[in-house]
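Visitor: Below are the sequence and a predicted model for it; my questions follow.
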Amino acid sequence: MDHFARLGLPAALDLDAAALDRVYFALQRQWHPDRFVSRPPDERARASAEAASLNEAYRTLKDPLSRAFYMAGMAGVDLPGDGKTIDDPDLLMEAMEAREALHDADTLDAVDKLAAEARQDVQKALAELASLFLANDRGAIRKALLRLRYLDKFAEEARARRMNIDRSNA
Amino acid sequence: MTLLEIHEPGETPLPHAGEGSLAVGIDLGTTNSVVAIARDGTPAALHDETGMALVPSVVAYPDAGGVLVGDEARALVSSEPRNVVASIKRLMGRGAADLHAVAGVLPYEVEPGTGETDMVKLRIGGRARSPVEISAEILKALRARAEAALEKPVERAVITVPAYFDDAARTATRDAARVAGLEVLRLVNEPTAAALAYGLDKGSEGLYAVYDLGGGTFDFSLLRLEKGVFQVLATGGDTALGGDDFDRTIAERMLDERKRDGLADQIDETAVKAALSLSRHMKEQLSDRDQTSGRLEVAGVPSFHTLTREEFDAMVETYVARTLEISRSVLADAGMVAADIEGVVLVGGSTRVPLVRTKVAGMIGKPPLTDIDPDEVVALGAALQAEALTGGGDTLLLDVTPLSLGLETMGGIVEKIVPRNTPIPAQLAQDFTTYQDGQSAMSIHVVQGEREMVADCRSLARFELLGIPAMTAGAARIRVSFAVDADGLLTVAAEERTTGVAQRIEVKPSYGLSHEDMADMLYDSMDNAEVDMNLRLLTEARVEARRGILALEAALAKDGKLLSGDERAAIDAGRVRLETAMDGESRDEINAAAEALETLSKPFAERRMDRGIREALSGMSMGDLESRVGE
């Protein structure tokens, strides 16, 4: 059963976060191991497995980026493993330039500005991705997801850089 | 060496002890412990005859014999310091390296873990005792208090642990409860329990933070409260940061002052304990006054010390700053900012320190919630959860793993399988493959922590998958699955998938405590216990023995053919001896017979495991024990 089916939701990139929470909570009320504390061992094991599957589905679908990667997998898009070399020269150039800019940013404001830009790029790329899924354009989906993965990493690096600056200011 | 328990799949768990008996909530704290009960959604802490809810987490083994817990134990600090132990929670599941010294002297005589155990032991009252055993004494005292207050047997409990407790410390806590004769309904994270106490009381909704600074641990958790659902979004902390550190800082200063004044002290365990005790008192005084003073006596030589609030604040500022740093990174983990927080709940006695309150209020931009006594709030929440688990209830606690779980791969790098803040229960798997042609074995090393290198993480378990069939490098598919249950406890399984045989090896890390240790502790508690304790232990021995027989039966039914006729007869005879012992009233005889049967069937178990792996991975040759991440 795929994660969408498990939660009884339509397989769409544009998922209603409130609806996701609602069905997840309702199903956890039914399956969480806390509800099975005094049940026989086989029932408890089943509940634990169900609750774990629900958690996995929720965690995968909650975050738009991981949802996009999951849907790409469902659509049969072949993505290289994390940490593999980037084979897209445009992306490579973009990544190098952004990293340099982050390296040079030495104030919180400068880092925040770069992070905000990255977040905007993520939103824009996600919005474009929806139509690529509709067209089932695997090549374009692959390219867009690799860029999203890089943008996400960049946001993480910006956060680390921010903490470093914060710490040295304190 | 870490002890690994290999479990029979589908093994029969312990039946519920005393269905229908009362279930309590226990906050087993570093400095103080509290037991509480909830009825119809209203929790109350259980008091002793003098009206005190807090039981100091202090245990004494007096020269006169017996065991004392709480104030009575603390009273012996000056007369029999070597027989008294405090703050034992800091050592749950830990090694000797985790102990802190004052002026280069540890407050305890330490025995490094021996043989199968790596958990540190303390020499207290003339004997080496493990933190599990000492914690069990506190739990026994709390249980006795609850039984006295409720006039009913208490056999089940929800016990709280710091959210940031790792797998070793959680396992140790469960073991301690078992030694104390308590069935743990659930281990609940302390901040979550605190939120439960607040949420149900106030009907709050929205994003709440719990800032929990106790005697020895710090936790910061972010929870979303919504219509009876408590969803933990992120948690973080430090299991070695708390009010004890404040005390130690003051104590160091006092001992320095004595040295400056020309007193040539021989600092020993007794002096350290006296200095720490005075420091704690002075710290508490500074919560509502600007200056305090105290008299310290070392080897009969007194000295007088004053401390202002301002000096104290300066001394502990780095510790408080560290808690704020952790809090900010938890917020970042959840993708939130301080302004999103509706309210912050303060938990733990150390949040009475004015500097802590000011700094937390400053970070969140709101005055913290303190309506519920910070010393009792965790136990109250635990009691509510105990009631919900036994009587049903509509509250739902959705918690997360505090620390990432992963495996060692090539070059000592950690491959994370379960990232931190994953909702539990969780079941995640990853495929690994061989690194060299013909590689026949893979060493699986399970670690916990956020760092990239294995050396910086905590090692949980190691096991080896042997007999991988001869294949070219990268062809084998070894699936390693991590299951984290609702208590936050981990089970790891590995199987080779190309052959499709569903033989699994399940490994539960079981730190520091060997079966012998556990049995010793149970025996010891019997020495001092009354009749009901003996009965419970006898029952427990019978249940354990029955469980062993069931597992053996299942194994024999499946793989009995691995045994020769003589071996089978020996096992059958051992089983009859055990069953006879179970009909009797002697727990020692049951345990001895059970051990004997285990010894008899050990070669069988080993053969089964070897065969299972070989079957799963037939056609092999020996190679290096190296693994790498699969594609």
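Guide: Cool, the structure landed. Residues are numbered from 1 along each chain as shown, chains lettered A, B, ... in the order given.
Visitor: switch to C-alpha atoms for all contacts and neighbour counts from now on
Guide: Noted.
Visitor: Which residue is the nearest non-sequential neighbour of whatever residue of chain A ends up closest to chain B?
Guide: Distance from chain B to each residue of chain A (CA to the nearest CA) is smallest for residue A:52, at 4.4 Å. Closest residue to residue A:52 apart from its sequence neighbours, by CA to CA, 6 or more residues apart in numbering or on different chains: residue B:426 at 4.4 Å.
Visitor: measure the residue in chain B sticking out farthest from the centre to chain A for me?
Guide: Going by CA atoms, centre = their mean, the residue of chain B most distant from its centre is residue B:565, 44.5 Å out. Residue B:565 is 34 Å from chain A, where distance means CA to the nearest CA, to the nearest Å.
Visitor: Whatever helix or strand the residue of chain A closest to chain B lives in packs against which elements?
Guide: With elements delineated by DSSP states H and E, residue A:52 resides in helix A:41-62, which encompasses its position. Secondary structure elements in contact with helix A:41-62, counted by 3 or more CA pairs under 8 Å, 6 or more residues apart in numbering or on different chains; DSSP states H and E, are helix A:3-7, helix A:17-31, helix A:64-74, strand B:426-434.
Visitor: If you count contacts, what does the third one end up packed against?
Guide: Here helix A:64-74 touches helix A:41-62, helix A:138-169, going by 3+ CA pairs under 8 Å, 6+ apart.
Visitor: I'd like the mean pLDDT over stretch B:393-412, please.
Guide: This predicted structure assigns stretch B:393-412 an average pLDDT of 85.
Visitor: how about it: buried residues?
Guide: Of the residues in stretch B:393-412, those scored as buried under the neighbour-count criterion (16 or more other CA atoms under 10 Å in any protein chain shown) are B:393, B:395-409.
Visitor: again, but for stretch B:321-333
Guide: Neighbour-count burial for stretch B:321-333 flags B:323-324, B:326-331, B:333 (criterion: 16+ other CA under 10 Å).
Visitor: Does the nearest residue to residue B:242 once chain neighbours are set aside belong to a helix, a strand or coil?
Guide: With sequence-adjacent residues excluded and distances taken as CA to CA, 6+ apart, residue B:242 is closest to residue B:216, at 4.2 Å. Per DSSP: H, G, I helix; E, B strand; the rest coil, the secondary structure class of residue B:216 is coil.
Visitor: Outline the domain layout of chain B.
Guide: Here the domain assignment for chain B is B:3-241+B:318-398, B:243-315, based on automatic domain parsing.
Visitor: worst average pLDDT in the ones you listed?
Guide: domain B:3-241+B:318-398 (a mean of 84).
Visitor: Relative to the whole chain's centre, how far out is it?
Guide: 9 Å (CA atoms, centre = their mean, to the nearest Å).
Visitor: Can you list the buried residues in the helix or strand that contains residue B:542?
Guide: Assignment of secondary structure by DSSP H and E places residue B:542 within helix B:531-559. Residues of helix B:531-559 classed as buried: B:533-534, B:537-549, B:551-552, B:556, B:559 (neighbour count, 16+ other CA under 10 Å).
Visitor: How about stretch B:297-315?
Guide: Going by 16+ other CA under 10 Å, stretch B:297-315 has these buried residues: B:298, B:303, B:307-309, B:312-313.
Visitor: How about that stretch and chain A, any contact?
Guide: No - among the residues of stretch B:297-315, none lie within reach of chain A under CA under 8 Å from any CA of the partner chain; the closest is 14.8 Å away.
Visitor: how many neighbours does the residue of the stretch 401-550 of chain B found nearest chain A have?
Guide: Distances from the stretch 401-550 of chain B to chain A, computed as CA to the nearest CA, single out residue B:426 as the nearest residue at 4.4 Å. Here the neighbour count serves as a burial measure; for residue B:426 (other CA atoms under 10 Å in any protein chain shown) it reads 25.
Visitor: Can you name the residues that contact it?
Guide: When the contact criterion is CA atoms under 8 Å, 6 or more residues apart in numbering or on different chains, the partners of residue B:426 are A:51-53, A:55-56, B:482-485.
Visitor: repeat for residue B:448
Guide: Here residue B:448 is in contact with B:166, B:403-406, B:457-460 (criterion: CA under 8 Å, 6+ apart).
Visitor: same question, residue A:118
Guide: With CA under 8 Å, 6+ apart, residue A:118 has these contacts: A:151, A:154-155.
Visitor: and with 10 Å instead?
Guide: In this structure, residue A:118 makes contact with A:98, A:112, A:124, A:148, A:150-155, A:158, judged by CA atoms under 10 Å, 6 or more residues apart in numbering or on different chains.
Visitor: and which of the residues you listed is nearest residue B:319?
Guide: For residue B:319, the nearest member of those is residue A:158. The distance, counting by CA to CA, is 26.0 Å.
Visitor: and that closest one, how far is that from residue B:331?
Guide: Per CA to CA, to the nearest Å, residue A:158 is found 15 Å from residue B:331.
Visitor: Now for the residue of chain A closest to chain B, how many residues are close by?
Guide: 26.
Visitor: Run through the residues that contact it.
Guide: Residues in contact with residue A:52, defined by CA under 10 Å, 6+ apart, are A:28, A:31-33, A:46, A:58, B:423-428, B:483-486.
Visitor: ditto for residue B:58
Guide: Residues in contact with residue B:58 (CA under 10 Å, 6+ apart) are B:30-33, B:68-75, B:77, B:84-88, B:134-135, B:137-138.
Visitor: number of nearby residues for residue 142?
Guide: No chain in the question, so chain A it is. Residue A:142 is surrounded by 19 other residues when neighbours are defined as other CA under 10 Å.
Visitor: that's the wrong chain, I meant chain B
Guide: Taking other CA under 10 Å as the criterion, the count of residues near residue B:142 is 27.
Visitor: my guess is residue A:156 contacts residue A:114, does it?
Guide: No - under the criterion of CA atoms under 10 Å, residue A:156 is not in contact with residue A:114, lying 11.7 Å apart.
Visitor: Distance check, residue B:420 against residue B:399.
Guide: Counting by CA to CA, the gap from residue B:420 to residue B:399 is 11 Å.
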